[in-house]
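Chemist: have a look at this fold, sequence not included:
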């Protein structure tokens with residue numbers, strides 16, 4: 001499980017230093033791809049394979065499933081972090097997420113998300129108000 005928020009920077013070679021707490025579960029390999037809200041998703045390779053298996057069960061007749069899979073897999077990049085825990089973020093993924101230098105790397109349970117630091121601050125400010133005002137279970141029956 002990935003938890004917490006960290007503030008690394010992209011270096012001059014577009015490498016991101018993974019937070020120390022995240023390195024061990026990602027050491028064997030990871031997949032970086034486009035996520036919702038213009039962030040990047042980073043999955044351990046085994047977890048990405050699990051997500052892939054779930055998506056394989058979607059009917060080919062579902063246009064939304066086909067669309068989602070095309071964007072998810074076409075933008076995916078697999079990598080093994082170097083000894084310093086760095087991964088290269090390819091240009092198309094940097095552009096998609098608006099990553100320039102300052103990043104926010106957050107734990108999101110089974111995956112890591114990489115955000116532009118300013119975009120994350122804006123998203124979090126808007127969502128914290130909604131989070132604190134929740135009066136129903138989300139999703140119902142889960143909590």
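Modeler: Okay, I see it. For clarity, every value in this text was computed on a predicted model and none was experimentally measured.
Chemist: list the buried ones in stretch 25-45?
Modeler: Across stretch 25-45, burial judged by 16 or more other C-beta atoms under 10 Å covers 25-26, 30-35, 39-44. For every residue, glycine as well, the C-beta is placed using N, CA and C.
Chemist: kindly report the same for stretch 2-19.
Modeler: Applying 16+ other C-beta under 10 Å to stretch 2-19 flags 2, 6, 8, 10, 15, 16, 17, 18, 19 as buried.
Chemist: likewise stretch 60-70?
Modeler: Applying 16+ other C-beta under 10 Å to stretch 60-70 flags residue 69 as buried.
Chemist: give me the residues contacting it.
Modeler: Stretch 60-70 is contacted by residues 55, 58, 59 when judged by C-beta atoms under 8 Å, 6 or more residues apart in numbering.
Chemist: that older thread, from the buried residues of stretch 25-45, pick the one nearest residue 125.
Modeler: Nearest to residue 125 among those: residue 39, at 15.4 Å, using C-beta to C-beta.
Chemist: centre-most residue in the protein?
Modeler: The chain has residue 41 as the residue nearest its centroid, 1.8 Å off, counting by C-alpha atoms, centre = their mean.
Chemist: you'd agree that one is up against residue 35?
Modeler: Yes - here residue 41 reaches residue 35: they are 3.9 Å apart, a contact under C-beta atoms under 8 Å.
Chemist: intersection of neighbour lists for those two?
Modeler: With C-beta under 8 Å, 6+ apart as the test, residue 41 and residue 35 both reach residue 113.
Chemist: in helices only, show me the contacts of stretch 60-70.
Modeler: With DSSP state H as the criterion, helices contain residue 55 from among the contacts of stretch 60-70.
Chemist: out of the contacts of stretch 60-70, flag the one nearest to residue 75.
Modeler: Nearest to residue 75 among the contacts of stretch 60-70: residue 55, at 14.2 Å, using C-beta to C-beta.
Chemist: roughly how far does the closest one sit from residue 48?
Modeler: Residue 55 sits 10 Å away from residue 48, taking C-beta to C-beta, to the nearest Å as the criterion.
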